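A.B. asks: Mind looking at a prediction? Sequence and model below.
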Amino acid sequence: MSGPLAPQHGSEPEEIKQAPPSTVASRLEMRQRAGGIIVPVLTALLAFLIGGLLVLATGHNPIQAYWDIIKGAGLNWLAHPTNTDVANTAAYNFSQTLLQTTPLILTGLAVAFAFRCGMFNIGGNGQYLVGLYVANWIGISFVNLAKPTHILLAVAGAALAGAIWAGIAGFLKATTGAHEVITTIMLNWIAYWIGNYIFQQGGPLQGAANKPLDIPISGDVAQSAKLPVFWGDADLQGLHIGFFVAIGALFVFWLILNRTTLGYEVRAVGYNPDAAAYGGIKVRTNYIRAMAISGAFAGLAGGLDMLGYLYHFGTTDVQAASIGFLGIAVALLGRNTALGVGLAAFLFGGLLYGTTHGLQSGTIDPSLAGHLTEMIQGLVVLFVGADVLILAVWNSRRKLKRKQPTPTRATEPEAASS
Amino acid sequence: MEASTVLEMRGITKRFPGVVANDHVDLDLRKGEVHALLGENGAGKSTLMNILYGLYRPDEGEILLNGKKVVFSSAKNAIDRGIGMVHQHFMLIPVMTVAENIVLEIEPTKAGVLLDYGKAVERVREISTQYGLAVDPTAKVESISVGQQQRVEILKALYRNAEVLILDEPTAVLTPQEAGELFAIIKSLQEGGTSIIFISHKLNEVLEIADRITVLRRGKTIDTVPREGATEDGLAKLMVGREVLLRVDKKPADAGDVLLEVSDLHVKDERGLPAVRDVSFVVRAGEIVGIAGVEGNGQSELIEAITGLRHPDSGEVTVAGQVVQHPSARRMLDAGVGHIPEDRQRRGLVLEFSIAENIALHDYNAAPASRFGWLFPRRLIERARTLIREFDIRGGGPTTPGGSLSGGNQQKVVAAREIARDPKVLVAAQPTRGLDVGAIEYLHRRLIEERDEGRAILLISLELDEVLSLSDRILVMYEGEVVGEHEPGVTEEEIGLEMLGARRKETVA
């Protein structure tokens, strides 16, 4: 038979096509689409609101506290203060906020990239640390290299170290099925103890000058390995060019995911590994590769921090490091997108610096000041996890609207009957 | 005997932004009646039932239960008034036992707070014997078959004293045998006085089970007809609004060279048990070879082996004269095998991907979609636009996510992708599962056109009708073996016996 191809498929009205999303991942995706930018903003606001209530509960003024944090983060610099002293302080604070934002962008991207391939990389902290160690080692060694070469080598080494560290988890998942959450947590601890070992008294990376003094801290990286500072004074922890690397990484992240075949594979595997395999995509290879790329972001964060302003590291620093963990909150709040991660990292960077430097003891209990960031951070993670709740609130508002005679928004009218 | 009316829905209208899902729909249900609600996907069946079940509130119209006007504001409300619903996707808790699931929320208690499990089991046993629905109350839901899970859902409604039972596409998830058992259950419920609303888009089963049939189309009641005198063709016309070709019209096959050859194939399933045993057959250019069989007799594993998704234990797959060495999905694709998978949502599509991205699923890594690893989204969109036109995919453009299309259009996206690759061999597994009449007609016609183009088509379907009407040769699979080969003229009974293993047992005995 040779009829025309166009079928007379005169069935359903165009709009009633919404099939019910079937998998958890796809439902999440639908919800994210529905919520758009509003949900993360609401999430953050709600976290701040409850954080404020906590401040209030301790008998202090939350508005004053938040104002202090804003000033502490140097955000008032953006308003061009006329008073020179205020302007200088604000400028310094703002540069420090951006300094904190830099590694947060990268560890956030690390978590987000793995997420997009359907994996939960909890190991950002370990990958950050190994990046830091390698950058420190390369920065101290190879002192005869020219500055650009030395920096490039150290930065590349840090990213590679992070890639390998996370790649181990990817490899174990691909070959044995070991869950990446478990393995990355274990790798975090391994990185932690390696740090404690290499910087301790007599450890291989302990600074030569620190040895006689029994100080468990590494030596400083050579001048040739230090990143140029473009805002502020290098001796006063100025803002280094690593900031632009982080901004560039946001773009690279977007580019890889949306404009390369590699990103296509990552997303296909992340959304639906069965369909990806059916499409001819090697799912296991992608697990390893996506984890390695994820780890490279986190390792890069460690490398830039080391070469940009830390210059040395000690056992107590290893024990206190939490930038990698913060990356999880950044990625969650940023919805695993480049723009979202950038904004969320800036928010957390501001909080991190603003709470530690801005809050006055008169405004808030000093013992509470440092914890406020952690509380807000915890609340954000909690609410991101509970975005069902926020969407329910949001949808009920829409439902109220819908009762008016001329509804405008399209939704899923029929839970289709197939 | 004219039975009394239990339920009446009058002038029900439900508008959603941009669309009227129900437009003054009327439905009345008599006591002890099986009333089928027939319509294509999106005709408004589910909306109407969700209104009845208290999940949506109608914008207009009223519901009368035993002559009294009722307003349901929630499902609980509806349940309390004796309305039960078995959803297509079961609402059971897999790790809990049958009895626990059934009594959930209205558990018999000890000391006011503790679950009296013994009593729960006893109650469940009582109602299950009362209605002739055999289930083991102490079995975990995850360990029982889908058919049994459905019984649990029905028991759950009966336990809540449902007088009106809504069954939403109940046979969609069942094997033919289980469907037969379900129909027996429906009949016995009916004799016990339960009134049943049976939602379906399958004409044959509606004609088998229903007393009256109400047809919905585009949100409107088209007609309510008694089963006596109703025919498949007539109902299809009511559903679709035009004449539908239910019988597939095709000329005899003009078979050419062998394009697909499967020889001595042995494949194991997930659990490592032999699923395909020593299967050999050929498919020639320009013919459709259909594989009939009851679900779970090795068809899925056979397809997966042919398409490179599962490593065979032994045996070979030859495509267009070339043995495919170390078969993988990629190698099979490259050898010229196209595959419409049996589960389009799990495997055929990435639901979150746009139509354009879904269409690129096999060749995103080759020109023109990409070059040196660099993807060209524009080109994907351009190509998708062409295919959307050619395959008449409706409900969205190239950037619409696959998940928001209706089942029929999703399947068209899959078919478009596979056919556009110009494969030598096309494996079509359950190509029309869950689709409505219009989409089925389209896909059947398309398969035959592709056959006439000279492709070798291997059709695997659980719908015997489909296999019989499309195939030029029919193979029957039972317990992993091909137990019979037939010409198109074969009767359903003959194949049915083989599907159940009768023929083989005879030879063994």
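C.D. replies: Cool, got the structure.

A.B. asks: In contact with the residue most central in space within chain A, which residues?
C.D. replies: In chain A, the centroid-proximal residue (C-alpha atoms, centre = their mean) is residue A:108; its distance is 1.3 Å. Counting by C-beta atoms under 8 Å, 6 or more residues apart in numbering or on different chains, residue A:108 touches A:326-327, A:330-331, A:334, A:341, A:344-345. In this view, the C-beta of every residue, glycine as well, is placed from N, C-alpha and C.

A.B. asks: how about 7 Å then?
C.D. replies: Residue A:108 sits next to A:327, A:330-331, A:334, A:341, A:344-345 when contact means C-beta atoms under 7 Å, 6 or more residues apart in numbering or on different chains.

A.B. asks: Mind listing the residues bridging to the closest residue to residue B:293 other than its chain neighbours?
C.D. replies: Closest residue in space to residue B:293, ignoring its immediate chain neighbours: residue B:477 at 3.8 Å, by C-beta to C-beta, 6 or more residues apart in numbering or on different chains. Beta bridges link residue B:477 to residue B:482 when assigned by DSSP bridges.

A.B. asks: correct me, but residue B:63 touches residue B:70?
C.D. replies: Yes. If you go by C-beta atoms under 7 Å, residue B:63 and residue B:70 touch, sitting 5.4 Å apart.

A.B. asks: Between the two, which is the more surrounded one?
C.D. replies: For residue B:63 versus residue B:70, the count of surrounding residues by other C-beta atoms under 10 Å in any protein chain shown is larger for residue B:63: 22 against 16.

A.B. asks: Let's verify the more buried one: helix, strand, or coil?
C.D. replies: Here residue B:63 is strand, with the state taken from DSSP: H, G, I helix; E, B strand; the rest coil.

A.B. asks: got the contact list for it?
C.D. replies: Residues in contact with residue B:63 (C-beta under 7 Å, 6+ apart) are B:9, B:52, B:70.

A.B. asks: any chance of the residues you listed in a markdown table, plus secondary structure and distance to chain A?
C.D. replies: Output for the contacts of residue B:63, formatted as a markdown table (DSSP: H, G, I helix; E, B strand; the rest coil; distance: C-beta to the nearest C-beta, whole Å):
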| residue | secondary structure | distance to chain A |
| --- | --- | --- |
| B:9 | strand | 16 |
| B:52 | helix | 14 |
| B:70 | strand | 21 |
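
A.B. asks: now residue A:239: how far from chain B?
C.D. replies: Distance of residue A:239 to chain B, computed by C-beta to the nearest C-beta, to the nearest Å: 33 Å.

A.B. asks: Quick check: bridge partners of that residue?
C.D. replies: Beta-bridge partners, per DSSP bridges, of residue A:239: residue A:231.

A.B. asks: in terms of contact, does it touch residue A:97 like I think?
C.D. replies: No. Using C-beta under 7 Å, residue A:239 is not in contact with residue A:97; the gap is 9.4 Å.

A.B. asks: gap between residue B:494 and chain A?
C.D. replies: Taking C-beta to the nearest C-beta, one finds residue B:494 at 28 Å from chain A.

A.B. asks: Chain neighbours aside, what residue packs nearest to that residue?
C.D. replies: Nearest one to residue B:494, counting by C-beta to C-beta, 6+ apart, is residue B:486 at 7.4 Å.

A.B. asks: Need phi/psi at that neighbour.
C.D. replies: Backbone torsions of residue B:486, given as degrees, to the nearest 10, read phi -140, psi 160.

A.B. asks: So what's the residue count around it?
C.D. replies: The burial count for residue B:486: 19, using other C-beta under 10 Å.

A.B. asks: Quick check: beta-bridge partners of it?
C.D. replies: On the basis of DSSP bridges, residue B:486 is bridged to residue B:474.

A.B. asks: now it: how far from residue B:49?
C.D. replies: 41 Å (C-beta to C-beta, to the nearest Å).

A.B. asks: same check, this time on residue A:351
C.D. replies: Shown here: residue A:351 relative to residue B:49, a distance of 49 Å by C-beta to C-beta.

A.B. asks: And residue A:268, by the same measure?
C.D. replies: To residue B:49, residue A:268 is 35 Å away according to C-beta to C-beta.

A.B. asks: Neighbour count for these two, which is higher?
C.D. replies: Relative neighbour count places residue A:268 above the other of residue A:268 and residue B:49, with 28 against 24, counting by other C-beta under 10 Å.

A.B. asks: Just give the closest residue to that one, not the sequence neighbours.
C.D. replies: Closest residue to residue A:268 apart from its sequence neighbours, by C-beta to C-beta, 6+ apart: residue A:276 at 4.1 Å.

A.B. asks: repeat for residue B:266
C.D. replies: Nearest to residue B:266 is residue B:313, by C-beta to C-beta, 6+ apart, at 4.2 Å.

A.B. asks: Please apply the same query to residue B:257.
C.D. replies: Closest to residue B:257 by C-beta to C-beta, 6+ apart is residue B:285, at 5.3 Å.

A.B. asks: quick one: that neighbour from chain A, how far?
C.D. replies: Per C-beta to the nearest C-beta, residue B:285 is found 18 Å from chain A.

A.B. asks: How about residue B:367?
C.D. replies: Applying C-beta to the nearest C-beta, the value for residue B:367 to chain A is 11 Å.

A.B. asks: mind checking the backbone torsions on residue B:67?
C.D. replies: Dihedral pair for residue B:67: phi 80, psi -10, per degrees, to the nearest 10.

A.B. asks: Could you report the neighbour count for it?
C.D. replies: 10.

A.B. asks: Ok, residue A:332 next?
C.D. replies: 24.

A.B. asks: Could I get the pLDDT score of it?
C.D. replies: The per-residue pLDDT reported for residue A:332 equals 86.

A.B. asks: Might one say that it is in contact with residue A:382?
C.D. replies: No. Counting by C-beta under 7 Å, residue A:332 does not reach residue A:382; the two are 10.1 Å apart.

A.B. asks: quick revisit: am I right that the residue nearest to residue A:268 is in a strand?
C.D. replies: No. Under three-state DSSP, residue A:276 falls outside any strand and is assigned helix.
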